[in-house]
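1. just to be clear, the model below is a prediction. Sequence and coordinates:
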Amino acid sequence: MKRHGVLELACLAFAMQGTLALGQAPAPQNSQTAVFATQAPLVIVPALVRTKGGDVIFTLTANDFELTDDGVPQKLTLEEGTGGEPLALVVVVEIGGAGAREFDKLGHLALMLESVVGGVPHKIAVVAFDSRPSLIQNFTTRSDAAAGTLVALLRHSPGDNGAAILDSLDFAVDLLRNQPPNYRRAILLVSETLDRGSGLVLEEAVRALSNTNTAIYSIGFSTAKSEATHYAYHDLPIQPGWIFSNKYPNPPHGCMGKDPEPDPDGTHDKIAQAYDCVTQLAPPLGLAKTAAIAATDGLRRNVPETVAHLTGGEYFKLTDEKSLDRSLITIANHLPNRYLLSFQPKSPHPGLHAITLRTPNYANLEVTARGSYWLSPEAVSAKQ
């Protein structure tokens, strides 16, 4: 089978998983796809490998990688030569709240869009958001059209004071689900760090972002408002009774770190704190539950950074126009130079799975990949 056929079927199988996980009816399948789908779940893991100096390495084989799923080693398959695959990109830009104050730093975003997508066939959509997302430019093959939309957007009056980041990412992910399955999928997010106004609960956000083969590249800037900080820590919606909720999240520097703003009802005794750390790093809590707690806590602290880590993308800080240029150049270099790894879980179970990917024989290499994925009960049944 040709390489493009394998990649298309693999992406289609994973896209079907995401559709089932969100409770939507799957599209009709032809006989070839149906046979392949019975082998589901198939988990796709794009990965970037760099030296500690930042140089991209693209000469490894499947045997050079080691992946565990909830601690269990998995057999990996490596798709060759995926850098030339077509790309579907959604550019998501905040125009409300703090976003409007950053317009002067975003002048080169439109100019460098062509470099970001590279020389492969591509489709680009543009989404703007404040308290709600809006599709400003539907998918187009013309980079200049998308760039023109961005230029016009940054000249318009700012939106309201909202920053519904999670709702907007969910909106972008849904747009990408309708793109051809052989397309690589990516989101370029430019936003403040704290969500203000999303209706999507944190657990649904983790689920939506963990069951899609979409890498999110985030460029974030500080919210810098105390009331927004209070909102993000205390008022982002949580599903009542969800087993992955953590009433007392860890301090920013780890579970044994000193919290600069300790919760009066939280743990302060060092022995008790050490015990809590152990339960978060080993059974009976489990790796998947630890990953879910880390994800929901991270979404309260810094949404763009956390979603980048969840999806295997990258996070950059926006400080000035030069920092934006450096970030976009890095993204343009990294997007086409990712390995496309896949595996079928040995012991699939519904819900969130924690995965780790490393190169055990190359201690000097750094691997960037998604840290989790979500399986629906339907996808697990397909395997069984």
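-> All right, it came through fine. Bear in mind that the values here come from a model prediction, so they are computed numbers and not experimental data. Residues are numbered from 1 along each chain as shown.

2. where does pLDDT dip in the protein?
-> Scanning the chain for pLDDT under 70 picks out 1-40, 81-83, 157, 224-286, 379, 382-384.

3. quick one, what contacts the residue minimising distance to the centre of it?
-> Nearest to the mean C-alpha position of the chain, counting by CA atoms, centre = their mean, stands Thr311 at 2.8 Å. The contact partners of Thr311, by CB atoms under 8 Å, 6 or more residues apart in numbering, come to Leu209, Ser210, Thr212, Thr214, Ala215, Ile216, Arg370. Where you see a C-beta, it was placed from the backbone N, CA and C, and this is true even at glycine.

4. distance to Arg132 for those - can I get that in TSV?
-> Formatted as TSV, the contacts of Thr311 follow (distance: CB to CB, whole Å):
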residue	distance to Arg132
Leu209	19
Ser210	23
Thr212	21
Thr214	21
Ala215	24
Ile216	19
Arg370	27
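
5. which one of the residues you listed is nearest to Ile187?
-> Nearest to Ile187 among the contacts of Thr311 is Ile216, at 4.6 Å by CB to CB.

6. quick one: that closest one is in a helix?
-> No - using DSSP: H, G, I helix; E, B strand; the rest coil, the assignment for Ile216 is strand, not a helix.

7. I'd assumed Leu189 was in contact with it.
-> Yes - Ile216 is in contact with Leu189 according to CB atoms under 8 Å; the separation is 5.9 Å.

8. before we move on, the earlier item: measure the closest residue to the residue nearest to the centre of the chain other than its chain neighbours to Pro360 for me?
-> Closest residue to Thr311 apart from its sequence neighbours, by CB to CB, 6 or more residues apart in numbering: Ile216 at 4.6 Å. Computed as CB to CB, to the nearest Å, the Ile216 to Pro360 distance reads 27 Å.

9. for Val126, same thing?
-> 41 Å.

10. please, where are all the strands along the stretch 101-250 of the chain?
-> For the stretch 101-250 of the chain, applying DSSP state E, counting those that start in this stretch gives strands covering 122-129, 133-140, 184-192, 214-221.

11. which elements pack onto the longest one?
-> Packing contacts for strand 184-192, counted by 3 or more CB pairs under 8 Å, 6 or more residues apart in numbering; DSSP states H and E, involve strand 87-94, helix 165-177, strand 214-221, helix 303-311.

12. wait, which of the ones you listed is closest to Pro336?
-> Proximity to Pro336 (CB to CB) singles out strand 87-94 among those, at 8.3 Å.

13. how far is that closest one from where the chain is centred?
-> Relative to its chain's centre, strand 87-94 lies at 13 Å (CA atoms, centre = their mean, to the nearest Å).

14. for that strand, packing partners?
-> helix 113-117, strand 122-129, helix 143-155, helix 165-177, strand 184-192.

15. most packed of those?
-> Compared across the helices and strands packed on strand 87-94, strand 184-192 shows the largest average neighbour count, a mean of 26 (mean count of other CB atoms under 10 Å).

16. now do the same contact list for the closest residue in space to Phe221 that isn't next to it in sequence.
-> Taking CB to CB, 6+ apart, and ignoring the residues beside it in sequence, Phe221 has Leu318 as its nearest neighbour in space, at 4.3 Å. Counting by CB under 8 Å, 6+ apart, Leu318 touches Glu102, Lys105, Val190, Ile219, Gly220, Phe221, Leu324, Ser327.

17. may I have the phi/psi pair for Gly97?
-> phi 60, psi -130 (degrees, to the nearest 10).

18. equivalent analysis for Thr296, please.
-> For Thr296, the backbone dihedrals are phi -70, psi -40 (criterion: degrees, to the nearest 10).

19. count the neighbours of it for me.
-> Thr296 is flanked by 23 other residues according to other CB atoms under 10 Å.

20. repeat that for Asn178.
-> Counted by other CB under 10 Å, the residues lying close to Asn178 total 9.

21. for Ser222, same thing?
-> 15.

22. roughly how far apart are the closest residue to it other than its chain neighbours and Ala163?
-> With sequence-adjacent residues excluded and distances taken as CB to CB, 6+ apart, Ser222 is closest to Thr193, at 6.1 Å. Thr193 sits 9 Å away from Ala163, going by CB to CB.

23. and what of Lys52?
-> 35 Å.

24. same thing with Tyr183?
-> Distance of Tyr183 to Ala163, computed by CB to CB: 29 Å.

25. and if you look at Ile216?
-> Using CB to CB, Ile216 is found at 16 Å from Ala163.
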